[in-house]
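attaching a predicted model along with its sequence, questions to come.
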Amino acid sequence: MTENGSDPEAASEDSRLVSLTERLDRAEAAEAKRTAVNAGPESDANYRLGNRVLAELLGGLIGGALFGWLIDRFAGTSPWGLLGMLFMGIVVAFRNIIRLATTPRK
């Protein structure tokens, strides 16, 4: 820095920082506008539908496996009760997912 307090390098850096700040503000505003369009009720409905499909699939698999294990435990049919009920759980889960996908949306 010079004795009189003016440094030409600091002044040029300051103008570059101001320009950068302005460009960042414009980019953030454009990004906020772009994401506000995608954050509507449609994306929320799609998120809920995806969660429901996942719940149906996991519920069918876990429920079928649990009932099959219980049948094997009490009837002594290991592993056929587990395999049969697991297969039935998969069939029911996929049937429910297909029903969800084919119902018309509002």
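Everything's here; your move. Keep in mind that what you see is a predicted model, and the values were worked out from it rather than measured.

domain ranges for the protein?
Domain assignment for the chain by automatic domain parsing gives 1-39, 41-106.

pick the most deeply packed of those domains.
Scoring these by mean neighbour count under mean count of other Cβ atoms under 10 Å gives domain 41-106 as the most buried, with a mean of 13. The C-beta positions use only the backbone N, C-alpha and C, and glycine is treated the same way.

is Arg105 in a helix, a strand, or coil?
coil (DSSP: H, G, I helix; E, B strand; the rest coil).

about what we covered before: which of the domains of the chain has the lowest mean pLDDT?
When mean pLDDT is averaged over each of the domains of the chain, domain 1-39 scores lowest at a mean of 76.

from Gly59, how far off is the spatially most central residue of the chain?
For the chain, the residue nearest the mean C-alpha position is Tyr47 (6.7 Å; Cα atoms, centre = their mean). Distance of Tyr47 to Gly59, computed by Cβ to Cβ, to the nearest Å: 18 Å.

likewise Ile97?
With distances taken as Cβ to Cβ, Ile97 is found 11 Å from Gly59.

Thr77 too?
Thr77 sits 23 Å away from Gly59, taking Cβ to Cβ as the criterion.

likewise for Leu24?
According to Cβ to Cβ, Leu24 stands 47 Å off from Gly59.

quick check: longest helix in this structure by residues?
Criterion DSSP state H: the longest helix present in the chain is helix 41-75.

and after that helix, which helix or strand comes next?
helix 80-102 (DSSP states H and E).

find the residue closest to Leu49 in space, skipping its chain neighbours.
Sequence neighbours aside, Leu100 is the residue nearest to Leu49 in space, at 7.0 Å (criterion: Cβ to Cβ, 6 or more residues apart in numbering).

right, I mislabeled it, should have said Val53
Ile97 (5.5 Å).
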